[in-house]
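>>> Generate coordinates for the sequence data below:
(chains A and B)
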2 protein chains.
Amino acid sequence: MYQIGVDIGGTNIKIGLVDDALEIVSRISIPFPHLDGAQVAERIAAECHKLLALKGLTEDSLDSVGVIVPGSIDSTGAIVLNAYNLGFHNVPLKELLQSHFKKVPVFLANDADGACLAELGKGAFRGCQTAVLFTLGTGVGGGLIFGGKMFNGGKRQGVELGHMPLVAGGLPCSCGNLGCIEAYCSASALGRAGAKAMAEHPKSLLFAKSNGDPSAIDAKLVVDCAKEGDKTALAVFNSYIDYLGSACIAMIHLIDPEVIAMGGGLCHAGEFLFAPLRENVAKKCFYGDFAKIVPAVMGNDAGIIGAAMLGSNA
Amino acid sequence: MYQIGVDIGGTNIKIGLVDDALEIVSRISIPFPHLDGAQVAERIAAECHKLLALKGLTEDSLDSVGVIVPGSIDSTGAIVLNAYNLGFHNVPLKELLQSHFKKVPVFLANDADGACLAELGKGAFRGCQTAVLFTLGTGVGGGLIFGGKMFNGGKRQGVELGHMPLVAGGLPCSCGNLGCIEAYCSASALGRAGAKAMAEHPKSLLFAKSNGDPSAIDAKLVVDCAKEGDKTALAVFNSYIDYLGSACIAMIHLIDPEVIAMGGGLCHAGEFLFAPLRENVAKKCFYGDFAKIVPAVMGNDAGIIGAAMLGSNA
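Sure thing, here's the model as predicted:
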């Protein structure tokens, strides 16, 4: 049997026909049409049926159709509450799509859940019962695996691990609270800390490489300068590692996962990031045997794979 | 059928015969004998068999024997690693007790897990799939319910929720890390903050009631003075509520539990504590519909009940 996974992004919609071994056997990508929910659903359904027809298949060969969107989903898993990049607000996307599929159920989730499921299916969380994904980008997203399944919160309102307090009363977060993990551990937070330190250290490599322009500093520049041994960048990077290590400790002391995976461009820093991060966690951790801390491994296909897995996770 | 629940404390060992409705139908309490593990196990087993005999029962009427201890248990649930009040270190208590029971399995857990299970069985967590217990005392302990069962950590090393970072880099915690929940949210932390504020405010009621002696200040005195409107005590109490609210937010944004229960003597403050706590959480929470925040309800029998439930939780 097969599943269809649909990864809706603000630029493209990627659709894959996925087999039971979680291989994408066929795929289509179309530009995201900036239309209303019903019209987008109709387009997607048409492409799905096209994908099936090209393989000489029908709905009879499908177990499920899964869709992920970059936005928040209601607790029933039916309505896209807000997906700003798509212009979707209170769109009953599950029902809209379901109307085009007579024989198979449609499932809906957000992109962080999809990424988490993809890691479970064929990535860093393979075989795990308990695991945590952090995605370090503009914000901090992620997800949880419990009991070998993707966990969507006890009240099914999602997992907002980037908005757990890490330094209660600390730096302002984009959400309005103070001291969230996101305010300290996002790639953006690393860039901001770099810009601040640069302004205070005009002799630093960070200053030279940014020409003293704070807007020229992002996480990658901080990492690059730290790799070259710039003391200013290293201090910023080490402080970042300390906060990220504390975020890992929060997870380990609470749920003691088997694996913590980190996704996002920042993780291209590789062992330069992961080696000191593990060392930091080891210093703070109650347990000698704690979670493996590793890069997330699923790349661009995470969305399609995760979406295709929604049916079996339900 | 029946279960036996054994609650081992540093002062007494309480043993109860518990029916399937989780009622304690018969009980014995003996002073804790400061002997080695094998001898303690022998005493406990003898008392258990006495309890059965008094009811005209045998092991055939039992499903399980559960034991809780105030200490850490290994990941296999067999060995008491450290229980300082008992003088137990690396004691294979499960096996020692099992040798005295031919027909029923023996289970072992720590007291926080027992308390959490008791709330699940007939307390604040009844019917819950996902719930969190905080016990606010000298430290902060507690436990988690996931999937309607007590969760002992993904690697079965326990739940150390008092040692999640709340103010990373903040106040020193007894564990050696900085800024743990315990360092801000324990009853002791409230007392310490009260003592500090008292010294700075010699005109406060807190100063008067303690005669300026910091060691005379505990959480109860801070609460009592705050209830009387003392500004110094109120400021300390409000700051405590803010930290405890952030600890709740960490749980809600991560696992979105149905219920958060608070145990420990401090909770006798009742709505004076819980009303502003809920208000604080509501201000910071992403969800309008969040966990009920309530006092833990199981009292002295929590240990026996929780121990008796270990078999069915396994």
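>>> Compute the distance between the most centrally placed residue in chain A and B:Ile30, please.
The structure's chain A has its C-alpha centroid closest to A:Ala112; by CA atoms, centre = their mean the separation is 4.0 Å. For A:Ala112, the distance to B:Ile30 equals 53 Å [CB to CB, to the nearest Å]. (Glycine included, C-beta is placed from N, CA and C.)
>>> now swap in A:His100 and tell me
Taking CB to CB, one finds A:His100 at 70 Å from B:Ile30.
>>> and what of A:Lys284?
According to CB to CB, A:Lys284 stands 40 Å off from B:Ile30.
>>> For the helix or strand hosting A:Lys220, give me every contacting residue.
Using DSSP states H and E, the element containing A:Lys220 is helix A:219-227. Residues outside helix A:219-227 that contact it (CB atoms under 8 Å, 6 or more residues apart in numbering or on different chains) are A:187-188, A:190-191, A:193-194, A:204-206, A:209-210, A:232-234, A:236-237, A:240, A:265-266, A:269, A:272-273.
>>> so of those, which ones are in helices?
The helices, defined by DSSP state H, take in A:187-188, A:190-191, A:193-194, A:205-206, A:209-210, A:232-234, A:236-237, A:240, A:272-273 from the contacts of helix A:219-227.
>>> which of those residues count as buried?
When the ones in helices among the contacts of helix A:219-227 are checked for burial by 16 or more other CB atoms under 10 Å in any protein chain shown, the buried set is A:187-188, A:190-191, A:193-194, A:205-206, A:209-210, A:232-234, A:236-237, A:240, A:273.
>>> how about the strands in chain A?
Remark: strands assigned in chain A by DSSP state E are A:2-8, A:12-19, A:24-31, A:62-69, A:72-73, A:80-83, A:88-91, A:106-110, A:131-136, A:140-146, A:149-151, A:259-263, A:292-295.
>>> most packed of the ones you listed?
strand A:131-136 (a mean of 29; mean count of other CB atoms under 10 Å in any protein chain shown).
>>> Paired strands for it, with orientation please.
strand A:140-146 (antiparallel), strand A:259-263 (parallel) (DSSP bridges).
>>> And the pLDDT at the residue of the stretch 201-314 of chain A found nearest chain B?
Taking CB to the nearest CB as the measure, the stretch 201-314 of chain A has A:Asp256 as its residue closest to chain B, at 3.2 Å. Reading off the confidence values, A:Asp256 has pLDDT 97.
>>> Chain neighbours aside, what residue packs nearest to A:Leu52?
A:Thr58 (6.1 Å; CB to CB, 6 or more residues apart in numbering or on different chains).
>>> Burial check on the closest residue to chain B within the stretch 1-150 of chain A, number of neighbours?
In the stretch 1-150 of chain A, the residue that lies nearest chain B is A:Thr130 (2.8 Å; CB to the nearest CB). Here the number of neighbours of A:Thr130 (other CB atoms under 10 Å in any protein chain shown) works out to 24.
>>> A:Arg126 now?
A:Arg126 has 12 neighbours, counted by other CB under 10 Å.
>>> Now it. Nearest residue, chain neighbours left out?
Nearest to A:Arg126 is A:Leu120, by CB to CB, 6+ apart, at 7.0 Å.
>>> just checking, that neighbour touches A:Met309?
Yes: at 7.4 Å, A:Leu120 counts as touching A:Met309 under the criterion of CB atoms under 8 Å.
>>> For the stretch 1-150 of chain A, what lies in contact range of chain B?
Residues of the stretch 1-150 of chain A lying near chain B by CB under 8 Å from any CB of the partner chain: A:128-131, A:144, A:146-147.
>>> Touching, the residue of the stretch 1-150 of chain A closest to chain B and A:Leu254? I think so.
No: at 10.6 Å, A:Thr130 does not count as touching A:Leu254 under the criterion of CB under 8 Å.
>>> Tell me who's in contact with A:Pro105.
Counted by CB under 8 Å, 6+ apart, A:Pro105 has contacts A:64-65, A:98, A:311, A:314.
>>> ok, of those residues, which one's closest to A:Ile4?
Using CB to CB, A:Val65 is the member of these that sits closest to A:Ile4, with 4.6 Å.
>>> Bridge partners for that closest one, pull those for me.
A:Ile4, A:Val106.
>>> thinking it is in contact with A:Leu97, fair?
Yes: between A:Val65 and A:Leu97 there is a contact under CB under 8 Å: 6.8 Å.
>>> Find the nearest non-adjacent residue to A:Asp242, please.
Here the residue nearest A:Asp242, using CB to CB, 6+ apart, is A:Asn280, at 6.0 Å.
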